[in-house]
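> Quick one: sequence plus predicted model below, questions after.
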Amino acid sequence: MSFSETIAPLLGRCALVWFYVTGTLNLFHNWTGVAEQLTARHVPVPPLVLVIALLLVTMGCFSLLFGYHVRHGAVILFGLTISGAVLLHDYWHYSDQAARNVQFEIFSRDLAIAGGLLLLMGMGGGPFAIDNKGAGGKPKR
């Protein structure tokens with residue numbers, strides 16, 4: 001197995017975790033503003049939705065970071081990312097071209113991230129994942 005096949009999945013998982021953690025920190029710093037945006041989008045009980053989303057993101061990030069049940073963590077983050085992209089960044093409803101472009105960029109970014117999560121679902125966490133350790137800390141064959 002080459003160096004890139006060994007280290008690339010770990011680095012990819014870390015990059016995805018970094019993306020979600022920075023977004024979560026931004027959410028904490030702007031809790032009221034995000035709750036108001038969700039209210040404007042007619043999301044019921046925005047604070048509860050935010051708490052549930054934060055819990056799911058935290059579980060997904062720990063899963064990806066440590067390589068423990070990576071496929072499950074990727075499914076959780078995939079579901080949140082796709083639902084957020086479709087429900088919160090619906091660029092097709094914007095008439096102002098500048099606002100439409102901004103929403104389209106966010107929507108496209110979310111789809112690309114979802115694609116990376118799909119790869120994790122299909123291929124697993126790679127050799128540096130708890131999932132791939134057999135008895136005695138040796139990789140499973």
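Sure, I can see it. Numbers count the residues shown, from 1 in each chain.

> After the helix or strand F78 falls within, heading C-terminal, what element do we hit next?
In the assignment (DSSP states H and E), F78 maps to helix 70-88. Note on helix 70-88: by DSSP H and E, the next helix or strand toward the C-terminus is helix 97-123.

> For that following helix, give the mean pLDDT please.
For helix 97-123, mean pLDDT is 96.

> Tell me what angle it forms with helix 70-88.
Orientation check (axes from the mean of the first three to the mean of the last three Cα atoms, to 10 degrees): helix 97-123 against helix 70-88 gives 160 degrees.

> If you count neighbours, what's buried in helix 97-123?
For helix 97-123, the neighbour count (16 or more other Cβ atoms under 10 Å) marks 103, 107, 110, 113-114, 116-117, 120-121 as buried. C-betas here are computed from N, CA, C, even on glycine.

> Near D90, how many other residues are there?
By other Cβ atoms under 10 Å, 12 other residues sit near D90.

> Excluding covalently adjacent residues, which one is nearest to it?
Leaving aside its sequence neighbours, D90 sits nearest to Q103 (Cβ to Cβ, 6 or more residues apart in numbering; 7.1 Å).

> Hmm, H89 and the one you found touching each other?
Yes. At 4.9 Å, Q103 and H89 qualify as touching, with contact defined as Cβ atoms under 8 Å.

> got the contact list for the spatially most central residue of the chain?
Geometric centre of the chain, nearest residue: L77, 4.1 Å, by Cα atoms, centre = their mean. Taking Cβ atoms under 8 Å, 6 or more residues apart in numbering, we find L77 in contact with 16, 20, 56-57, 60-61, 64, 117.
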